[in-house]
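Student: Quick one: sequence and predicted model below, then my questions.
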Amino acid sequence: MTIQFCGAAREVTGSAHLITLDNGFKILLDCGLYQGGGEAHGESEDTPAKRLADIDMDNFNDKWLFNPAEINCLILSHAHIDHSGRIPKLVKDGFKGMIYCTHATRDLSAIMLLDSAAIQEKDAEYANKKALAKGKPANHKPLYVADDVRVTMPLFVGYAYERWFSIHKDVEILFRDAGHILGSASITLKIKEKRKTKMIGFSGDIGRPNRPILKDPMPMPALDYLICESTYGDKLHMEAPAETERFLQILHETTKRGGKVIIPAFSVGRTQEIVYLMDRLATEGRLPRIPVYVDSPLSVDATEVFIKHPECFDEALNEYMRTDPNPFGFKNLTYVRKAEDSIKLNDSTEPCVIISASGMGNAGRIKHHLANNVQNKLNTILIVGYASPETPAGQLRSGKKTLKLFGETKDVLAQVKIMDSFSAHGDYKEMLQFIDNQRKTLKNLFLVHGDYERQQVFQKTLNANGFASVAIPALGESVIV
């Protein structure tokens with residue numbers, strides 16, 4: 001069989017990996033939206049990424065490195081858009097198979113893909129307005145619309161963790177809790193070919209042990225081959241006690257000087273973790289008495305999905321809910337749905353906390369909050385996780401002094417703080433812990449979902465820890481296993 005790396009190859013978004021069995025059966029692992037600039041894909045003169053340079057990376061989401069109609073099934077690790085965001089386009093372009101995932105992932109995908117469709121439509125409308133203003137044709141079209149999502153969702157089939165099930169006479173699947181976001185799973189494939197059984201694993205995104213809300217990630221069964229994420233391949237995260245105190249310090253310092261704390265946060269996972277932290281601080285009487293706004297309709301819907309899936313919660317949260325039945329709600333917290341209420345937040349001068357999507361600052365209401373607040377030195381922009389370098393949040397992370405938003409260049413006068421400890425991705429030690437049981441069985445380990453420089457560091461770390469064969473595949477590269 002062959003594995004082709006069709007996305008998140010030497011990049012952190014656009015997850016997609018194609019497994020083709022010798023009998024022609026094709027399995028796609030994830031089908032994510034690429035979020036970032038095209039220049040990040042070319043690495044060296046002789047890599048497959050370079051040989052695929054005829055693909056316009058600025059329009060990469062419109063292209064396929066395979067024929068969607070030939071894919072027999074899709075297995076989805078979790079609902080984040082960089083893993084699921086191109087599924088409606090896949091269906092639109094000819095895919096007719098089933099989409100296998102956990103129950104919680106199906107529920108989250110339903111709301112997240114509809115939200116993504118709305119963003120696609122708005123982006124196309126904005127691009128057409130700009131084109132017309134320059135006297136150019138208004139021919140920008142969304143990748144997909146809401147009706148495409150409605151056609152897609154019946155193809156989703158939910159399965160529980162820890163249950164082997166068959167998708168083909170020669171292929172069985174196991175989902176195991178990855179501890180990354182609600183419903184996230186590692187994927188183990190048991191494939192029979194030529195009277196031999198091969199164990200192929202896809203880590204999905206590896207979560208973190210001892211984090212709030214979700215259960216710890218569970219190691220995968222013994223594997224022959226592993227496709228493994230590497231987002232924080234050269235980083236260590238802050239420990240929880242220090243994280244809480246630093247978060248409180250940022251809130252106190254900003255509100256004392258009369259500013260706002262603006263937090264770009266993904267609607268699923270990151271937002272709920274921050275709200276849960278603030279809920280606990282409020283219960284302890286330590287949270288500053290200021291308004292807190294979750295300004296994202298998707299975050300509101302996602303929080304409701306969280307509440308419906310307590311089977312994913314860890315023991316600590318279940319224990320906490322005995323005294324506080326709603327861990328995602330406290331006094332002074334407001335969930336904002338209406339656009340007019342979001343606009344009012346931009347006009348307000350009161351000290352407050354605004355948590356808004358997306359986490360990379362490149363779509364949704366957070367772009368407006370950044371545009372309206374980044375030039376005020378009283379404010380703090382708090383970055384709470386990874387962001388692609390080309391995105392607004394990524395540029396703020398790197399210390400850029402100006403930011404281009406809605407066609408205007410803004411000076412970055414607000415303080416920018418970074419707290420990677422909120423990340424739902426394991427650091428390099430946590431990833432090593434996750435795959436520690438694979439040292440003796442793995443024939444090959446393939447690193448995906450990471451910046452190339454970080455992957456190189458992680459590759460050396462893995463080699464030093466007993467993993468002999470570690471590859472960093474480039475975009476479009478295929479390997480025979």
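Tutor: That came in fine, so what should we check first?
Student: If you count contacts, what does whichever strand or helix holds Ile200 end up packed against?
Tutor: Assessed by DSSP states H and E, Ile200 sits inside strand 196-202. When contacts are defined as 3 or more C-beta pairs under 8 Å, 6 or more residues apart in numbering; DSSP states H and E, strand 196-202 sits against strand 185-193, strand 225-229. Glycine gets a C-beta too; all of them are placed from N, C-alpha and C.
Student: Of those strands, flag the one that's most buried.
Tutor: Mean neighbour counts were taken over those using mean count of other C-beta atoms under 10 Å, and the top value, a mean of 26, falls to strand 225-229.
Student: Which strands or helices does that strand pack on?
Tutor: Against strand 225-229 (3+ C-beta pairs under 8 Å, 6+ apart) you get strand 196-202, helix 428-435, strand 444-448.
Student: Mind putting the helices and strands packed on strand 196-202 into TSV with mean pLDDT and distance to Ile383?
Tutor: Below are those laid out as TSV (pLDDT from 0 to 100; distance: least, C-beta to C-beta, whole Å):
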stretch	mean pLDDT	distance to Ile383
strand 185-193	97	27
strand 225-229	98	20
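Student: Could you tell me what pLDDT the model assigned to the residue lying farthest from the centre of the chain?
Tutor: Farthest-out residue of the chain from its mean C-alpha position, per C-alpha atoms, centre = their mean: Arg195, at 37.6 Å. With respect to pLDDT, Arg195 has a value of 89.
Student: and it, how far is that from Gly207?
Tutor: Distance, Arg195 to Gly207, using C-beta to C-beta, to the nearest Å: 36 Å.
Student: Also Thr152?
Tutor: From Thr152 to Gly207 the distance is 26 Å (C-beta to C-beta).
Student: Same check on Thr2?
Tutor: In this view, Thr2 and Gly207 are 29 Å apart by C-beta to C-beta.
Student: between the two, who's got more neighbours?
Tutor: Taking other C-beta atoms under 10 Å, Thr2 and Gly207 do not tie; Gly207 has more neighbours (26 against 13).
Student: Just give the nearest non-adjacent residue to that one, would you?
Tutor: Excluding the flanking residues, the one nearest Gly207 by C-beta to C-beta, 6 or more residues apart in numbering is Gly179, at 3.0 Å.
Student: my read: the one you found touches Asp205, true?
Tutor: No. Using C-beta atoms under 8 Å as the test, Gly179 is too far from Asp205 to be in contact (9.4 Å).
Student: What ranges does the stretch 101-250 of the chain have for its helices?
Tutor: Using DSSP state H, counting those that start in this stretch, the helices found in the stretch 101-250 of the chain span residues 103-133, 146-152, 240-256.
Student: Check which residues of the host helix or strand of Leu298 are buried.
Tutor: Counting by DSSP H and E, the element that carries Leu298 is helix 297-307. Judged by neighbour count (16 or more other C-beta atoms under 10 Å), helix 297-307 contains these buried residues: Pro297, Leu298, Ser299, Val300, Asp301, Ala302, Thr303, Val305, Phe306.
Student: circling back: deepest in the core, which of the helices and strands packed on strand 225-229 is it.
Tutor: strand 444-448 (a mean of 22).
Student: Sheet partners, orientation included, of that strand?
Tutor: Applying DSSP bridges, strand 444-448 is found paired with strand 225-229 (parallel), strand 470-471 (parallel).
Student: Quick one: name whatever helix or strand follows the worst-scoring helix or strand of the chain on mean pLDDT.
Tutor: Lowest by mean pLDDT, DSSP states H and E among the helices and strands of the chain is helix 48-51, with a mean of 34. Downstream of helix 48-51, the next assigned helix or strand under DSSP H and E is strand 73-75.
Student: Residues touching that following strand, excluding its own?
Tutor: Strand 73-75 is touched from outside by 26-31, 87, 90, 95, 97-101, 167-168, 173, 187, 189, 202, with contacts defined as C-beta atoms under 8 Å, 6 or more residues apart in numbering.
Student: If we use 10 Å, what do you get?
Tutor: Residues outside strand 73-75 that contact it (C-beta atoms under 10 Å, 6 or more residues apart in numbering): 16-17, 19, 25-31, 68, 84, 87, 90-91, 95-101, 155-157, 167-168, 171, 173, 175, 185, 187, 189, 202, 204.
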